[in-house]
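**Student:** pasting the sequence and the predicted coordinates here, then a few questions.
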Amino acid sequence: MLENLTDRMSHAIRNLRGMGKLSEDNIADALKEVRTALLSADVHFKVAREFVEKVKAECIGQEVIKNVSPGQQIVKIIHDELVQLLGEGAQDLSDKRPLRVMMVGLHGSGKTTTSVKLAKNLAKQGYQAGLIACDVYRPAAIDQLETLAQQEGFPVYTDRDSKNVPKIGKAGLKWAKDQERDLIIFDTAGRLQIDEDLIVEIRKLKDTIVPDEILLVADSALGQEAVNVAKHFHDAVQLTGIVLTKLDGDARGGAALSMKTITEVPIKFMGVGEKMDDLEVFHPDRMAQRILGMGDVVSLVEKAQEQIDEEEALRLAEKMKRADFNFDDFLSQLKQLKKMGPLSGIIGMLPGMSGIEVGDKEENQLKRTEAIILSMTRYERAHPQILNGSRRKRIADGSGVTVKDVNSLIKQFGQMRKMMKMMRGSKGKKLMKQFGNMGGGGLPGM
């Protein structure tokens, strides 16, 4: 996520960390890199300029703290300024019940999908969601909303015969009250660009339904144009928040840094994938850490707590301690890992791992591994030692891989089990002690 911005900022930060003494000249040189990183990631030029000026002013007036290098102090200042730029503190939605939420945005920004994602996200807080189909122009828009919502168990109000959006909104409110829904989400129509008809329609709908929240669903891949879109919508209907979508793609990330400053509207959620669970609350401090390559351990832990079966995890941990670990257990681990989302997203949350590329090759390797294990019989998974040549050939044919791939996986699995046995008892403690003394404390950057 935000790889372009993170890579460039991480490079600039590495140069800053090595600075022994601070002077106006070397600060200016270092901050040129930061400014270039921001501009190349599509951050609005005014925002980039003001950001660098603020950091420079803070650095020059900063007292040197004992035991902290000047470079580290600058990194801390940049982090704090990034948090301010993104908007300090996660922004909650209104706590009113029933809560009326109007979703607006351009065509293709992901409004319909995000509407259902938001319903699912807030359902975890006890909301009973109902959705109102107010996009009467895009072909199959109503069908899409119905399909996605029904898959998640949410009812939808539709009127396929009417083109009067305010009237549909009013009737939808009555329907939601009859259905005892305390979260009402209005999925409105978009356009390929801002036009007067769109503005007039959403203003009339707003006046009719009186929403508690008006959320702009903005495609982060639009870059600086997303900022202009946000400003137009805010001037028209007074937005209360922004949902940034497609942050899992090749978005440069500049929109996230520019929107809050230009529009003074907080970013409240971000879409990080295509699944209905892939909508996260926007935490400015965590985003700043990701951008600077510091990872986001808190979000990773929250994701793990939400997706991983605690009893199953404890069972597997106990089996690892006993070195009694088979392919069934390995398969269970793979499935739990997949629940947490794409591997690239997980790696990006680990401190110091932002520079490591995880692409289709690595994702496909996980799928191949799962396919190989699923081609084994239950007895073979529980007793890997019986996997002779003919069994391996059958497994390779069944999973669509080569015998060499099967041999490689079995070899790696054997090495893993051997390592588990070594970790038991006094030998394991000695090994861990030696490992801890390597390079000043284990794996670099971990």
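**Tutor:** Structure's in. What do you need? Numbers count the residues shown, from 1 in each chain.

**Student:** now the stretch 251-400 of the chain, which segments are flagged as low pLDDT?
**Tutor:** Applying pLDDT under 70 to the stretch 251-400 of the chain flags residues 251-253, 255-256, 293-310, 312-317, 319-323, 339-362.

**Student:** tell me which stretches of it form strands.
**Tutor:** 267-271, 279-281 (DSSP state E, counting those that start in this stretch).

**Student:** again with the stretch 101-250 of the chain
**Tutor:** 129-134, 156-157, 183-188, 213-219, 241-245.

**Student:** CA atoms of the first one as CSV?
**Tutor:** Spelled out, it's strand 129-134. Only the C-alpha atoms of strand 129-134 are listed here, as CSV (Å, rounded to 0.1, in the frame of the first residue of the first chain):
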residue,chain,number,x,y,z
ALA,A,129,-28.0,-1.8,8.6
GLY,A,130,-30.4,-1.1,5.7
LEU,A,131,-29.4,0.2,2.3
ILE,A,132,-31.3,2.5,-0.1
ALA,A,133,-30.6,2.3,-3.8
CYS,A,134,-30.5,5.9,-5.1
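
**Student:** follow-up on the earlier one: closest one to residue 102 among the strands of the stretch 251-400 of the chain?
**Tutor:** strand 267-271 (13.6 Å; Cβ to Cβ). Quick note: C-beta positions are derived from backbone N, CA and C, even for glycine.

**Student:** could you list every helix and strand in contact with the closest one?
**Tutor:** Applying 3 or more Cβ pairs under 8 Å, 6 or more residues apart in numbering; DSSP states H and E, we find strand 267-271 packed against helix 111-123, strand 241-245, helix 254-263, strand 279-281.

**Student:** try it again with 7 Å
**Tutor:** Where contact means 3 or more Cβ pairs under 7 Å, 6 or more residues apart in numbering; DSSP states H and E, strand 267-271 is packed against strand 241-245, helix 254-263, strand 279-281.

**Student:** packing partners of the shortest one?
**Tutor:** For strand 279-281, the helices and strands in contact under the criterion 3+ Cβ pairs under 7 Å, 6+ apart are helix 111-123, strand 267-271.

**Student:** what angle separates the first one from strand 267-271?
**Tutor:** Read that as helix 111-123. Between the axes of helix 111-123 and strand 267-271, defined by axes from the mean of the first three to the mean of the last three Cα atoms, to 10 degrees, the angle is 110 degrees.

**Student:** what packs against helix 111-123?
**Tutor:** strand 99-104, strand 129-134, helix 141-151, strand 183-188, strand 279-281.

**Student:** and the angle for it with strand 129-134?
**Tutor:** For helix 111-123 against strand 129-134, the angle by the same axes, to 10 degrees is 160 degrees.

**Student:** what's the single longest helix in the chain?
**Tutor:** Criterion DSSP state H: the longest helix present in the chain is helix 403-422.

**Student:** against which helices or strands is it packed?
**Tutor:** helix 360-374, helix 389-399.

**Student:** from the middle of its chain, how far away would stretch 193-202 be?
**Tutor:** On the basis of Cα atoms, centre = their mean, to the nearest Å, stretch 193-202 sits 30 Å off its chain's mean C-alpha point.

**Student:** so for that stretch, mean pLDDT?
**Tutor:** Regarding stretch 193-202, the rounded mean pLDDT is 84.

**Student:** can I have that stretch written out in CSV, keeping just the CAs?
**Tutor:** The C-alpha trace of stretch 193-202 is given here as CSV (Å, rounded to 0.1, in the frame of the first residue of the first chain):
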residue,chain,number,x,y,z
GLN,A,193,-17.0,14.3,-13.8
ILE,A,194,-18.6,16.9,-11.7
ASP,A,195,-21.7,18.4,-13.4
GLU,A,196,-24.5,20.7,-12.3
ASP,A,197,-27.2,17.9,-12.6
LEU,A,198,-25.3,15.7,-10.2
ILE,A,199,-24.9,18.6,-7.7
VAL,A,200,-28.5,19.6,-7.9
GLU,A,201,-29.7,16.0,-7.3
ILE,A,202,-27.5,15.3,-4.3
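
**Student:** tell me the buried residues in the strand or helix carrying residue 81?
**Tutor:** Per DSSP states H and E: residue 81 is located in helix 70-86. The neighbour-count check on helix 70-86 (16 or more other Cβ atoms under 10 Å) flags 70-71, 73-75, 77-83, 85-86 as buried.

**Student:** in TSV: those, plus pLDDT.
**Tutor:** Shown next, in TSV, are the buried residues of helix 70-86 (pLDDT from 0 to 100):
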residue	pLDDT
70	62
71	64
73	71
74	74
75	75
77	81
78	81
79	80
80	84
81	84
82	83
83	83
85	81
86	82
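
**Student:** can you redo those as a markdown table with distance to residue 141?
**Tutor:** Shown next, in a markdown table, are the buried residues of helix 70-86 (distance: Cβ to Cβ, whole Å):
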| residue | distance to residue 141 |
| --- | --- |
| 70 | 55 |
| 71 | 52 |
| 73 | 52 |
| 74 | 49 |
| 75 | 46 |
| 77 | 47 |
| 78 | 43 |
| 79 | 41 |
| 80 | 43 |
| 81 | 41 |
| 82 | 37 |
| 83 | 37 |
| 85 | 35 |
| 86 | 32 |
